[in-house]
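Engineer: fold the following, please.
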Amino acid sequence: MACRISELVIDCANPNRLAAFWSDVLGYVELGREDDGSIAIGPPDAGPQPTLVLSPSSDPRTGKLPLHIDVNATDRDQDAELERLLALGARPADVGQTGTESWHVLADPEGNEFCLLRTRLQPL
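Structural biologist: Numbers count the residues shown, from 1 in each chain. Here you go, the predicted model:
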């Protein structure tokens, strides 16, 4: 038996704001709050997708993230999903792409990069 990623922890200045953003992006719901201000969000049906834990931190971010999230639309094409993500507060990010990529590099409200890939996936 192998391991499975169950949680991704994201240090952030404003857990409430990022929890709301990523819940809207992924269709997640709040699962709980900890005394330290961390907020856990995840799939509403406890599906196999990993939980995100937004953990408060005042440490400044330096440089490009060593890990980022890739997302795929499940119920619309890439262009429509890009419009939706931008309306939620994502913004285009430049990490040195050439402009010929099949994906879009975006940043969440705190500047964490993520990519919107082209392939549409079936919802779980």
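Engineer: how's this structure carved up into domains?
Structural biologist: Domain assignment for the chain by automatic domain parsing gives 1-57, 65-124.
Engineer: geometric centre of this protein: which residue is closest?
Structural biologist: In the chain, the residue lying closest to the centroid (C-alpha atoms, centre = their mean) is Trp22, at 5.2 Å.
Engineer: am I right that that residue is in a helix?
Structural biologist: Yes - assessed with DSSP: H, G, I helix; E, B strand; the rest coil, Trp22 lies in a helix.
Engineer: wait, it touches Pro43, no?
Structural biologist: No - in this structure, Trp22 is not within contact of Pro43 by C-beta atoms under 8 Å, at 11.9 Å. Where you see a C-beta, it was placed from the backbone N, CA and C, and this is true even at glycine.
Engineer: where along this structure do the helices fall?
Structural biologist: Applying DSSP state H to the chain gives helices spanning 15-26, 78-88.
Engineer: looking at the ones you listed, which is closest to Pro50?
Structural biologist: Among those, the nearest to Pro50 by C-beta to C-beta is helix 15-26 (10.1 Å).
Engineer: relative to Asn112, how far out is the residue nearest to Ser23 when sequence neighbours are not counted?
Structural biologist: Excluding its sequence neighbours, the residue lying closest to Ser23 (C-beta to C-beta, 6 or more residues apart in numbering) is Ile41, at 5.1 Å. Using C-beta to C-beta, to the nearest Å, one gets 15 Å for the distance from Ile41 to Asn112.
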